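Undergrad: Sequence unavailable; structure follows:
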């Protein structure tokens, strides 16, 4: 009745899963907050956040190539740092996924109820948990195909916004002068009076949350063909592409609406389309925003169930979570457990609490991952990519310390500190 996970995903699948999970709802819900601090230099904040994310992504790339396991984070931490707290480590990792999923479900439910006030809150919440659960149970390839469609849609929406902004810029009178353009756009390109290095970096730290999601891809190792090559490549390439898109979107939004209007608008992307195309576009963009959140829920259930499956294989959790149905080729019991746990956390119904907890735990995880990468590379147990402090390139040699892991560690600690401070 049961079998092992099958390798059904290729590079295109994991690339779009990574891209879809990164873009998800992050840019749609966070851009006004990042703009609050970065103002006309929000584009620079997104570049800073992207570079910070890239440091940790390179550590994940090294580790995923070395371990190539569905348990991913669990193996990285227990073998790179300590194996004394196996159950606590496993519970923390599964818990991060469940709390993140709960936050997304609450966000989706809150938005839908604001749009359709007559629909019962609990019915929306149940449906947004049940539907992704059934899709994940049915087949991982189906999950990938649905994600691919939504990822292309949400990414295309952002690209269209960038192109519309560019066309608006070209419609300006010939050689209007930079001062005129800045005045018309609210000073959206650059404004010396807005240059606040502390604010720009704080915006950059906040933007890191919009890049999170790449770290989940190694959990698909058992289901990915040539995973040692395809997973690291998918993580890095999707992250770089997202950084380019986010940077151009922030410039576009500020140019179309002006900084002050962006800060006052919860979903400035909808506002930008509204200004360019008219009110008719609002419904379409809102629908795409909901699709993005739904897609992130779908993928969070996928990744968290695989994390649970992986640690259960290490005999940390009951063996039932390792059972793979021979027809669906999915870990049904792990998926159902994740969904039920998500529903229980949703009973808190306080999205601010769940989002802050998930954000803090995420950067605690990033800190541990970078430490693990440094430890394993220093002991000569793991090859690294790029150039380390000793000038070696991809060598297994004692004393190697990858500089990107060190920078990833430092930046993760800084962002974690700022997140805790914002909560207090």
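TA: All right, it came through fine. A quick note: this is a predicted structure, and the numbers were derived from the prediction, not measured.

Undergrad: Based on its surroundings, how many neighbours for residue 118?
TA: With neighbours defined by other Cβ atoms under 10 Å, the count for residue 118 comes to 5. No exception for glycine: its C-beta is placed from N, CA and C like everyone else's.

Undergrad: Revised request: answer the last question for residue 149.
TA: 14.

Undergrad: by contact count, what packs against the strand or helix carrying it?
TA: Assigned by DSSP states H and E, residue 149 falls within helix 140-170. Helices and strands touching helix 140-170, by 3 or more Cβ pairs under 8 Å, 6 or more residues apart in numbering; DSSP states H and E, are helix 11-23, helix 121-138, helix 227-257, helix 268-277, helix 281-313.

Undergrad: closest to residue 29 out of the ones you listed?
TA: Using Cβ to Cβ as the measure, helix 281-313 is the one of these that comes nearest residue 29, at 8.1 Å.

Undergrad: What is the burial count for residue 260?
TA: With other Cβ under 10 Å as criterion, residue 260 counts 13.

Undergrad: And whichever strand or helix holds it, what's buried?
TA: Element membership of residue 260, judged by DSSP H and E, is helix 259-264. By 16 or more other Cβ atoms under 10 Å, the buried positions in helix 259-264 come out as 259, 261-263.

Undergrad: try stretch 225-243
TA: Within stretch 225-243, the residues that count as buried by 16+ other Cβ under 10 Å are 227, 230-236, 238-239, 241-243.

Undergrad: Let me see the backbone angles for residue 383.
TA: phi -70, psi 150 (degrees, to the nearest 10).

Undergrad: I'd like to know how far it sits from residue 65.
TA: 7 Å (Cβ to Cβ, to the nearest Å).

Undergrad: quick one on the thing from earlier: quick one: the helix holding residue 149 to helix 227-257, angle?
TA: 30 degrees (axes from the mean of the first three to the mean of the last three Cα atoms, to 10 degrees).

Undergrad: which ones are touching residue 22?
TA: Taking Cβ atoms under 8 Å, 6 or more residues apart in numbering, we find residue 22 in contact with 210-214, 238-239, 242.

Undergrad: same thing but 10 Å
TA: 53, 151, 210-217, 235, 238-239, 241-243, 245-246, 296 (Cβ atoms under 10 Å, 6 or more residues apart in numbering).

Undergrad: cool, residue 272 as well?
TA: 31, 161, 164-165, 168, 249, 252-257, 261-262, 265, 281, 285.

Undergrad: can you tell me the helix or strand for the closest residue to residue 294 other than its chain neighbours?
TA: Residue nearest to residue 294 in three dimensions, not counting chain neighbours: residue 108, with 6.4 Å by Cβ to Cβ, 6 or more residues apart in numbering. Using DSSP H and E, residue 108 sits in helix 86-115.

Undergrad: repeat for residue 405
TA: Assigned by DSSP H and E, residue 405 falls in helix 403-423.

Undergrad: rewinding a little: give me the neighbour count for the residue nearest to residue 294.
TA: Neighbour tally, residue 108, other Cβ under 10 Å: 23.

Undergrad: So it sits against residue 296, correct?
TA: Yes: Residue 108 lies in contact with residue 296 (Cβ atoms under 10 Å); the separation is 9.0 Å.

Undergrad: is it true that residue 159 touches residue 246?
TA: No: the pair formed by residue 159 and residue 246 falls short of the contact definition of Cβ under 10 Å, at 11.9 Å.

Undergrad: Quick check on these two: which one has the bigger neighbour count.
TA: Shown here are residue 159 and residue 246; by other Cβ under 10 Å, residue 246 has more neighbours (28 against 13).

Undergrad: residues contacting the closest residue to the more buried one other than its chain neighbours?
TA: Nearest non-adjacent residue to residue 246, counting by Cβ to Cβ, 6+ apart: residue 46, 4.4 Å away. Applying Cβ under 10 Å, 6+ apart, we find residue 46 in contact with 27, 30-31, 34-35, 38, 203-204, 206-208, 210-211, 242-251.

Undergrad: Now a PyMOL select for only the buried ones of these.
TA: To isolate the buried members of the contacts of residue 46 in PyMOL, using 16+ other Cβ under 10 Å:
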select buried, resi 27+30+31+34+35+38+203+204+206+207+208+210+211+242+243+245+246+247+248+249+250+251
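
Undergrad: Toward the C-terminus, what is the element adjacent to the one helix or strand in the chain whose mean pLDDT sits lowest?
TA: Counting by mean pLDDT, DSSP states H and E, the weakest-scoring helix or strand in the chain turns out to be helix 178-184, with a mean of 43. Sequence order places helix 197-211 as the next helix or strand after helix 178-184, per DSSP H and E.

Undergrad: Go through the buried residues of helix 259-264 and say which is closest to residue 99.
TA: Nearest member of the buried residues of helix 259-264 to residue 99, counting by Cβ to Cβ, is residue 263, at 28.1 Å.

Undergrad: contacting residues around the nearest residue to the closest one once chain neighbours are set aside?
TA: The shortest distance from residue 263 to any non-neighbouring residue, by Cβ to Cβ, 6+ apart, is to residue 36 (5.1 Å). Residue 36 makes contact with 42, 199, 202-203, 206, 259, 262-264, according to Cβ under 10 Å, 6+ apart.

Undergrad: Return the closest of those with respect to residue 98.
TA: For the contacts of residue 36, the nearest to residue 98 is residue 206 (23.4 Å; Cβ to Cβ).

Undergrad: Verify the stated contact: the closest one with residue 363.
TA: No: checked against Cβ under 10 Å, the pair residue 206 and residue 363 is beyond contact range at 12.0 Å.
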